[in-house]
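Engineer: using only what follows, build the 3D model:
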Amino acid sequence: MSYFDAASSAPLHPVARQALQASLDEGWADPARLYREGRRARMLLDAAREAAAEAVGCRADELVFTSSGTRAVHSGIAGVLAGRRRIGRHLIVSAVEHSSVLHSAETFEADGGAVTRVPVLRTGAVAVEAYADALRADTALACLQSANHEVGTEQPVAEVAEVCRAAGVPLLVDAAQSLGWGPVDGDWSALAATAHKWGGPSGVGLLVVRKGVRFAAQGPVDERESGRAAGFENIPAIVAAAASLRAVRAEAAAEAVRLRELTDRIRARVPELVPDVEVVGDPVRRLPGVVTFSCLYVDGEALLHELDRADFSVSSGSSCTSSTLTPSHVLKAMGVLSEGNVRVSLPLGTPAEEVERFLSVLRDAVTTVREKLGAPASSPATVSREDTLVVDTLGKRCPIPVIELAKVIGDVPVGGTVRVLSDDEAARLDIPAWCEMRGQEYEGEEPAEKGTAYVIRRLS
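Structural biologist: Below you'll find the predicted structure:
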């Protein structure tokens, strides 16, 4: 089985396993106690903090360990917003942040705060000017991920941090996806990350708040972790997290070159092997091991199952793989195709032979899914309305609306239009993306008696 979903959670690094086993015998006691066992546990905790701080590029007393990366994000955002409440109640986030950041923003908004969600380019990156335009006199905090978790696009953190610093606004960086590859550049103010993304154990996050940043911990607090992360520290897991971070950093430079070559190969070969594919994300400014593409006329969940049967574990941002049947907020914000979406994220040490094997089975997997969806039992319900063809796909889910559109577009005279009726939320993203890929004009939405009418004009 080839595990190609390291962006969700990387396999436990051998160094993490060794450190975890070794520290189980030494790190079980309360590090706040003065007896021998407590002092021993305190030494392990302090050493892990020093090692993690060195990797991040901060002072040891600026870093605390949390129970997860999500907890680090929630605590960091809430603490900075509370500390700067007198400045104002305005928060800036990008539209493609991890759900932990967006959930914090929603909670803040529900409590009366104001939130600006900065849009992104089609590559998934923010424009620095967009952050500059979003800054206000009452802005308490800005947040920006270092790299996107779904498409791998790296964000201009250093440039945004400079803009924020000039305005006197702290910038919190979600560095979960990138910290294993290197420190985050720029004059950022706070940072959150999680160990299971770089090969450490799950259940360990870290939060960094630079000296001079106003911070007020929210909720019940205790004396542990400077009052910023309540509860007994999981010292063996923390030690393993710090040890694995140091280990992956030692391998990062060489592995980055090697994995980038492999993902470049996937980016180039997938469009050659599979027709009607859109490779998404920035082709240059991206994480070394991540490549994401979307296949027209493919059910994302069916494709993932087909690849799983071929012994490949990948992930997807398709609406078809979600219980809510809504497209990924990242792909939606980028304005790219969501149906048949596949994210390949290679763990350290992935053999080149496994990438070749993946490419060799991908075409058949996509073909199999398309054949299952491409020949429906009955033709789509179509009616002519002057020079407009109406395609009724009400009650049908991604990717059926786009499949039926593709079937009838050739029946429409050049200059004529098609109205696709759909009540599937994903159609709002996938139909415009299809038009972009196929060189047709998307004219927009119209109200319909049921669902929504999407209007497409044939150009060629």
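Engineer: how much space between the most centrally placed residue in the chain and E62?
Structural biologist: Most central in the chain under C-alpha atoms, centre = their mean is H149, positioned 2.3 Å from the mean C-alpha point. For H149, the distance to E62 equals 24 Å [C-beta to C-beta, to the nearest Å]. Every C-beta, even on glycine, is put in place using the N, C-alpha and C of the backbone.
Engineer: I'd say the residue nearest to the centre of the chain and A7 touch.
Structural biologist: Yes - assessed by C-beta atoms under 8 Å, H149 is found in contact with A7 at 5.9 Å.
Engineer: common neighbours of those two, please.
Structural biologist: Counting by C-beta atoms under 8 Å, 6 or more residues apart in numbering, the residues touching both H149 and A7 are Q177.
Engineer: about what we covered before: I'd assumed the residue nearest to the centre of the chain was in a helix, is it?
Structural biologist: No - counting by DSSP: H, G, I helix; E, B strand; the rest coil, H149 falls outside a helix, being coil.
Engineer: got the phi and psi for it?
Structural biologist: Note on H149: backbone dihedrals following degrees, to the nearest 10 are phi -80, psi -20.
Engineer: all helices in the stretch 151-300 of the chain, in order from the N-terminus.
Structural biologist: Along the stretch 151-300 of the chain, the segments classed as helices by DSSP state H, counting those that start in this stretch run 157-166, 235-273, 300-309.
Engineer: list the helices and strands the longest one packs on?
Structural biologist: Spelled out, that is helix 235-273. helix 14-24, helix 36-56, strand 277-280, strand 290-295, helix 352-374 (3 or more C-beta pairs under 8 Å, 6 or more residues apart in numbering; DSSP states H and E).
Engineer: buried residues in that helix?
Structural biologist: Using 16 or more other C-beta atoms under 10 Å as the test for burial, helix 235-273 gives 235-249, 251-252, 255-256, 258-260, 262-263, 266-267, 269-270.
Engineer: the nearest residue to K197 once chain neighbours are set aside: how many residues sit nearby?
Structural biologist: With C-beta to C-beta, 6 or more residues apart in numbering as the criterion, K197 has its nearest non-adjacent residue at 5.0 Å, and that residue is A176. Residues near A176, counting by other C-beta atoms under 10 Å, number 28.
Engineer: okay but A176 is in contact with L191, surely?
Structural biologist: No - counting by C-beta under 8 Å, A176 does not reach L191; the two are 9.8 Å apart.
Engineer: spatially nearest residue to L359 (excluding sequence neighbours)?
Structural biologist: Closest to L359 by C-beta to C-beta, 6+ apart is R269, at 5.3 Å.
Engineer: how near is that neighbour to G152?
Structural biologist: If you go by C-beta to C-beta, the gap between R269 and G152 works out to 17 Å.
Engineer: quick one, what contacts E154?
Structural biologist: A125, S146, A147, N148, S178, D282, R285, R286, L287.
Engineer: can you list the domains in the chain?
Structural biologist: 8-248, 251-374, 381-457 (automatic domain parsing).
Engineer: how about the ones you listed, which one is nearest S2?
Structural biologist: Comparison of those against S2 by C-beta to C-beta identifies domain 251-374 as nearest, at 4.7 Å.
Engineer: for the closest one, give the mean pLDDT please.
Structural biologist: Domain 251-374 shows a mean pLDDT of 91 in the predicted model.
Engineer: so in terms of bridging, what pairs with E446?
Structural biologist: Beta bridges link E446 to A453, judged by DSSP bridges.
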